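**Q** here's a sequence, model it:
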Amino acid sequence: METASFAPNDLIVGDIPVVTRTVTIASGQDLKRGAVLGEITANSKHVLSLAAANDGSEEPACILAFDVDASGGDVEAQAYFGAAVDAAKLDLGAGHDAASVEEAFRRKGAALFVRRLD
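**A** Below is the predicted model:
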């Protein structure tokens, strides 16, 4: 009989229901779990959200659930669209901080909540 073990996820905190969806990670990126992603308006692909971008991805949309290496081409991956997350565990793109990401999620009405545990 095969067994599985549970390892607590230190990115997810609190009791907000966790919701994941499949997204397409645009090629040319090697992203870590906790990366804050924005969606490119023209093609609906996701990239690390950078505040200075002007393709729609400047607005944080979700959080990457697992490490993804898309350096060789687009990759489908799971992302969090609902959860409470530890701010210290997020991978933030240039120009973003925990507060700006939380504000973006509130504007979108997303069920993602950034928490400071310190």
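**Q** how about the strands in the chain?
**A** For the chain, the strands defined by DSSP state E cover 19-25, 30-31, 36-39, 46-48, 60-64, 68-69, 75-86, 111-115.
**Q** wait, which of those strands is closest to L11?
**A** L11 lies closest, by Cβ to Cβ, to one member of the strands of the chain: strand 75-86, at 5.5 Å. C-betas here are computed from N, CA, C, even on glycine.
**Q** what is the closest one packed up against?
**A** strand 19-25, strand 60-64, strand 68-69, strand 111-115 (3 or more Cβ pairs under 8 Å, 6 or more residues apart in numbering; DSSP states H and E).
**Q** one more time with 10 Å
**A** Applying 3 or more Cβ pairs under 10 Å, 6 or more residues apart in numbering; DSSP states H and E, one finds that strand 75-86 contacts strand 19-25, strand 36-39, strand 60-64, strand 68-69, helix 98-108, strand 111-115.
**Q** what's the second one packed up against?
**A** Secondary-structure packing of strand 36-39 (3+ Cβ pairs under 10 Å, 6+ apart): strand 19-25, strand 46-48, strand 60-64, strand 75-86, helix 98-108.
**Q** could you say which of the ones you listed is packed most deeply?
**A** Each of the helices and strands packed on strand 36-39 was scored by mean neighbour count; the highest is strand 60-64, a mean of 25, by mean count of other Cβ atoms under 10 Å.
**Q** just the pLDDT for D118.
**A** D118 is assigned 73 on the pLDDT scale.
**Q** nearest spatial neighbour of it, chain-adjacent residues omitted?
**A** Closest residue to D118 apart from its sequence neighbours, by Cβ to Cβ, 6 or more residues apart in numbering: A88 at 7.1 Å.
**Q** pretty sure that neighbour contacts G34?
**A** Yes. Contact criterion Cβ atoms under 10 Å: A88 and G34 qualify, at 9.5 Å.
**Q** neighbour-wise, which of those two wins?
**A** The neighbour comparison of A88 against G34 (other Cβ atoms under 10 Å) goes to G34, with 22 against 14.
**Q** residue nearest the centroid of the chain?
**A** By Cα atoms, centre = their mean, the chain has its centre lying nearest to I63, at 1.2 Å.
**Q** thanks a lot, see you next time.
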